[in-house]
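J.: The sequence and its predicted three-dimensional model are supplied below.
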Amino acid sequence: MPYQPIEDYGIIGNLRTAALIGKNGSLDWLCYPRFDSPSVFGALLDDKKGGHFRIESTADNVTHKQLYWPDTNVLVTRFLSPDGVGETVDFMPLGANGACSPDGCLIRRVRVVRGAMRFRLECHPAFNYARDEHITRIVKGGAHFNAPGLRLGLRSPVRLQHSGNGVSAEFSLSEGSGKSFQLYEVDARGHDSGGALSEQQSEQLFNDTVAYWRKWVANGTYTGRWREMMNRSALALKLLTYEPTGAIVAAPTCSLPESLGGARNWDYRYTWIRDAAFTVYSLMRLGYTEEAMRFAGFLEARCKELSDGDSLQTVYGIDGRRNLKEETLGHLDGYMGSRPVRIGNAAYRQLQLDIYGELMDSLYLYNKYGTPISYELWTYMRRLTNWVCDNWRKKDDAIWEVRGGRRDFVYSKVMCWVAVDRAVRLATKRSLPADWRRWIRVRDQIYESVMKRGWSEKRKAFIQSYDRDALDASLFLMPLVFFVSPNDPRMLQTIDAINKSPKEGGLVSDGLVYRYDVDKTPDGLKGTEGTFNICTFWLVEALTRASRDNPARLQEARLLFEQMLGYANHLGLYSEQLGVGGRALGNFPQALTHLSLISAAFNLDRYLGR
């Protein structure tokens, strides 16, 4: 079948991994058993070889609708036809306290709620990114798929038959009837109790999973405007959490393109230090302190691994591993022919100085709103602060992970200032031992450097780097991290300069923000890209904070925010970018976009309340 638009997918998960299911009822992405495991179903990256698990109506003139069961991550896909209405209810079972259910990794319940309908099932796995062959066996009550290192089973209440490298079946249901299919892991010896999943068992697993998600959502404390969208963003972030360590993946997918047919295709199934401050701040604002503290614990573990003189990596595996070697999968076509398909991420070897600011800011917030940090953790933070003092003058690859050579990026210098400033603040509040004189001296040196070399009199704006007179949307964060006042004349001029159309020299197209102009600021990569959703939410928050003396900016922020809500997909989820035609681009759904949505909404609601 042809590729589905990226925005036509919903996501389900069990806090270990996640699956993407399209409006057409096809499960086209699942890495098992973890987010960063090789894919079992990967039609998202190759519709012929990638593998899929599809349940679809065979009726004529079918239309599709998709929604979440209220306040949960249980996905409902409906098939509407003149002869009846059918639906699949898809979820990964979760028990109390987020424990994975021993009863299977994924359940697909098929029902007919009106009339009668016939369905077709196809389960064609393609193990290890479609690199490993597997043996398909029909067994009592289903089928087994045996590949090197992994055996999966499919429990089925209907008779299956061999179909290529998988199985298929057709079945009919009348009004009020249903059948449940269960994908699960078979043990290494191939033992299986056999038999299909009964509807009573399926109903119990459904009820347990719904209860888990509703109980989790109820822990939230946000009661302001746009509550439904905030809850959906929180649920999406929880889905992207790897429960064993508290890490949050940037997205559950890899190599979805930033431009169709282009080469800007990256693997986001890892944890970026950069997301730290956004994660801790946003989750705590919504009342999800446990998740924020778990992620802070993940960061603390990375700090404790460092030896004297070592620096942090930009990105880590969800279990904390350091080697994320980048690899190209040449046998896959890529989403709609977007090559190369990459797994791993070479950014782990880059120098990105901004991550120290985000790390220190997150631990500062953790100490302020969560649990006071220990002396042991402070010793590591002090060591990192001294490292920043030694290295802040270096050129780096910066927040956008450019591959065109290191430069003196202004955002990186700003975040080095944040790192030292937060260390000073924390030491002051807690009376912790610190290298006071040196830290304050270096903090002031960084500030003066940015104000002198990071400001362009020609552009009347802060610029991307000391050696390039170009704009960059990351600079919207300068007042958000308290480097400058939101109403500082230089900041207001920067906002106004960026908030113009590209034809006028800015970065904003009808409210949607490009991170920078790829034609004027070469980044070592070919091709173009869409507008960055996170940058639009940064603009909303910058305008919000700058509105104290100018109410018109607050109204502009609200209109822009509510316009941006309209660019979410039918389930309230965002990818990384939007193309010229409004289509979703990049990995999906993206955690950082939802984190910035939460921050923007929270502060916009607060300012409107005044």
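T.: Ah, there it is.

J.: Where does pLDDT dip in this structure?
T.: Low-confidence segments of the chain (pLDDT under 70): 1, 96-104, 188-195.

J.: According to the record, where do the domains of it fall?
T.: Using automatic domain parsing, the domain ranges for the chain come out as 6-216, 219-609.

J.: Pairing partners for Arg54 in the sheet, please.
T.: Under the criterion DSSP bridges, Arg54 forms beta bridges with Ser26, Glu122.

J.: show me where the stretch 401-550 of the chain has strands.
T.: 455-456, 461-462, 508-509, 512-513, 531-532 (DSSP state E, counting those that start in this stretch).

J.: Show the secondary-structure elements that the last one is packed against.
T.: Looking back up the chat, that one is strand 531-532. strand 512-513, strand 577-578 (3 or more C-beta pairs under 8 Å, 6 or more residues apart in numbering; DSSP states H and E). C-beta coordinates here come from the backbone N, C-alpha and C atoms, glycine included.

J.: Any idea how far apart the tips of stretch 494-512 sit?
T.: End-to-end distance of stretch 494-512 (C-alpha to C-alpha, to the nearest Å): 17 Å.

J.: ok, and for it, which residues are buried?
T.: The neighbour-count check on stretch 494-512 (16 or more other C-beta atoms under 10 Å) flags 494-495, 497-499, 506-509, 511-512 as buried.

J.: repeat for stretch 114-128
T.: 117-119, 121-128.

J.: Check stretch 453-467 too.
T.: For stretch 453-467, burial by neighbour count (16+ other C-beta under 10 Å) applies to 454-456, 459, 461-466.

J.: got a list of what Gly572 touches?
T.: When contacts are counted by C-beta atoms under 8 Å, 6 or more residues apart in numbering, Gly572 touches 228-229, 232-233, 236.

J.: picking that back up, could you redo the buried residues of stretch 453-467 as a markdown table and give each row distance to Ile355?
T.: Output for these, formatted as a markdown table (distance: C-beta to C-beta, whole Å):
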| residue | distance to Ile355 |
| --- | --- |
| Gly454 | 19 |
| Trp455 | 24 |
| Ser456 | 26 |
| Arg459 | 27 |
| Ala461 | 25 |
| Phe462 | 20 |
| Ile463 | 21 |
| Gln464 | 18 |
| Ser465 | 17 |
| Tyr466 | 20 |
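
J.: For Pro489, state which of the buried residues of stretch 114-128 is nearest.
T.: Using C-beta to C-beta, Asn128 is the member of the buried residues of stretch 114-128 that lies nearest Pro489, at 56.8 Å.

J.: The closest one against Pro38, yeah?
T.: Yes: counting by C-beta atoms under 8 Å, Asn128 touches Pro38, with 4.2 Å between them.

J.: in this protein, which spans are helices?
T.: With helices called from DSSP state H, the chain shows them at 127-130, 199-217, 227-239, 275-285, 289-304, 354-369, 375-391, 410-430, 436-453, 489-498, 533-545, 551-565, 591-609.

J.: related to what we said a few turns ago, pull the most distant pair out of the buried residues of stretch 114-128.
T.: Maximum pairwise distance in the buried residues of stretch 114-128, criterion C-beta to C-beta, is 35.3 Å, between Met117 and Asn128.

J.: which residues sit in contact with Pro502?
T.: If you count contacts by C-beta under 8 Å, 6+ apart, Pro502 has them with 508-509, 514, 517.

J.: which residue of the protein sits farthest from its center?
T.: Arg437 (39.7 Å; C-alpha atoms, centre = their mean).

J.: Quick check: that one vs Met415, distance?
T.: 22 Å (C-beta to C-beta, to the nearest Å).

J.: before we move on, the earlier item: what would the helices of the chain look like in CSV with distance to Gly582?
T.: Formatted as CSV, these follow (distance: least, C-beta to C-beta, whole Å):
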stretch, distance to Gly582
helix 127-130, 30
helix 199-217, 29
helix 227-239, 18
helix 275-285, 25
helix 289-304, 32
helix 354-369, 30
helix 375-391, 41
helix 410-430, 28
helix 436-453, 36
helix 489-498, 21
helix 533-545, 12
helix 551-565, 12
helix 591-609, 15
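
J.: out of these, which comes closest to Asp47?
T.: Closest approach to Asp47 among those (C-beta to C-beta): helix 127-130, 11.3 Å.

J.: Pull the residues that contact that closest one.
T.: By C-beta under 8 Å, 6+ apart, the surrounding residues in contact with helix 127-130 are 38-40, 42, 45-46, 49-51, 134, 145, 147-150, 329, 331-332, 343.

J.: gap between that helix and the chain center?
T.: On the basis of C-alpha atoms, centre = their mean, to the nearest Å, helix 127-130 sits 23 Å off its chain's mean C-alpha point.

J.: ok, Ser362 - contacts?
T.: By C-beta under 8 Å, 6+ apart, the contact list for Ser362 reads 276-277, 279-281, 296, 299.

J.: 10 Å instead, please
T.: 273-281, 292, 295-296, 299, 422 (C-beta atoms under 10 Å, 6 or more residues apart in numbering).

J.: So which of these is the closest to Ser575?
T.: Distances from Ser575 to those, taken by C-beta to C-beta, are shortest for Asp275, at 16.1 Å.

J.: Can you redo the buried residues of stretch 494-512 as JSON lines, where the extra columns are distance to Leu20?
T.: Formatted as JSON lines, these follow (distance: C-beta to C-beta, whole Å):
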{"residue": "Thr494", "distance to Leu20": "38"}
{"residue": "Ile495", "distance to Leu20": "36"}
{"residue": "Ala497", "distance to Leu20": "38"}
{"residue": "Ile498", "distance to Leu20": "33"}
{"residue": "Asn499", "distance to Leu20": "34"}
{"residue": "Gly506", "distance to Leu20": "34"}
{"residue": "Leu507", "distance to Leu20": "30"}
{"residue": "Val508", "distance to Leu20": "30"}
{"residue": "Ser509", "distance to Leu20": "28"}
{"residue": "Gly511", "distance to Leu20": "28"}
{"residue": "Leu512", "distance to Leu20": "24"}
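
J.: Just give me the closest of the residues you listed to Arg109.
T.: Nearest to Arg109 among the buried residues of stretch 494-512, counting by C-beta to C-beta, is Leu512 at 38.1 Å.

J.: Which strand residues bridge the closest residue to the closest one other than its chain neighbours?
T.: Spatial nearest neighbour of Leu512, excluding adjacent residues (C-beta to C-beta, 6 or more residues apart in numbering): Thr531 at 3.8 Å. Counting by DSSP bridges, Thr531 is bridged to Leu578.

J.: Any idea how many residues pack against Thr531?
T.: 23 (other C-beta atoms under 10 Å).

J.: and what of Glu290?
T.: Glu290: 13 surrounding residues under other C-beta under 10 Å.

J.: And for Leu256?
T.: Residues near Leu256, counting by other C-beta under 10 Å: 28.

J.: Provide a list of residues in contact with Asp47.
T.: 1-4, 26, 28, 333, 335-336.

J.: residue contacts, the closest residue to His594 other than its chain neighbours?
T.: In space, and not counting its chain neighbours, His594 is closest to Ser233: 4.0 Å by C-beta to C-beta, 6+ apart. Contact analysis of Ser233 by C-beta under 10 Å, 6+ apart lists 226, 282, 286, 568, 572-574, 589, 591, 593-598, 601.
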